[in-house]
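Peer 1: coordinates only, sequence not included:
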């Protein structure tokens, strides 16, 4: 999957300076980051609406649009996909891949402590 996003990111970079009359990507870059952010939010809402309505195929289509718009915003912000992958790896080491990073340092410390205790417990059971 990350390979697909890498290819998409490179294609976005290649398209950003094309003619805005013929390239949606170039048009987004011409309008700036606030327009990019608005499009990203719109796509996220569409994914949510389709998910709530139970339309899996629409969720797939809108998710592809969401990833496209996220990638455009990354490129505009100077964020590379590998920057995001590194952050995901860091979080996985701290909390596990399926957990969201807490916003506060106190909550993070508690979550990391709980994760360490769980890992120790699992190690003891294996021994």
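Peer 2: Happy to help now that I have it. Keep in mind it's a predicted model, so treat the numbers as computed, not measured.

Peer 1: What segments of this structure are helices?
Peer 2: Using DSSP state H, the helices of the chain run over 2-15, 24-31, 33-53, 56-77, 81-95, 105-126.

Peer 1: hmm, what's the outermost residue in this protein?
Peer 2: In terms of distance from the mean C-alpha position of the chain, residue 127 ranks first, at 37.8 Å (C-alpha atoms, centre = their mean).

Peer 1: what sits against that residue?
Peer 2: Not one residue lies near residue 127 by C-beta atoms under 8 Å, 6 or more residues apart in numbering. All C-beta atoms are positioned from the backbone trio N, CA, C, and that covers glycine.

Peer 1: thinking again about what came up before, let me have the helices of the chain in CSV, adding mean pLDDT as columns.
Peer 2: As requested, the helices of the chain are arranged in CSV below (pLDDT from 0 to 100):
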stretch, mean pLDDT
helix 2-15, 94
helix 24-31, 97
helix 33-53, 97
helix 56-77, 98
helix 81-95, 88
helix 105-126, 72
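
Peer 1: thinking residue 80 is in contact with residue 86, fair?
Peer 2: No - at 9.4 Å, residue 80 and residue 86 do not qualify as touching, with contact defined as C-beta atoms under 8 Å.

Peer 1: how much space between residue 27 and residue 68?
Peer 2: Distance check for residue 27 against residue 68: by C-beta to C-beta, to the nearest Å, it reads 13 Å.

Peer 1: Please read the previous query as pertaining to residue 28.
Peer 2: In terms of C-beta to C-beta, residue 28 sits 10 Å off from residue 68.

Peer 1: Same drill for these two, tell me which one is more crowded.
Peer 2: Neighbours per residue, other C-beta atoms under 10 Å: of residue 28 and residue 68, the larger number sits with residue 28, 25 against 20.

Peer 1: Is that one in contact with residue 35, as I believe?
Peer 2: Yes - assessed by C-beta under 8 Å, residue 28 is found in contact with residue 35 at 6.2 Å.
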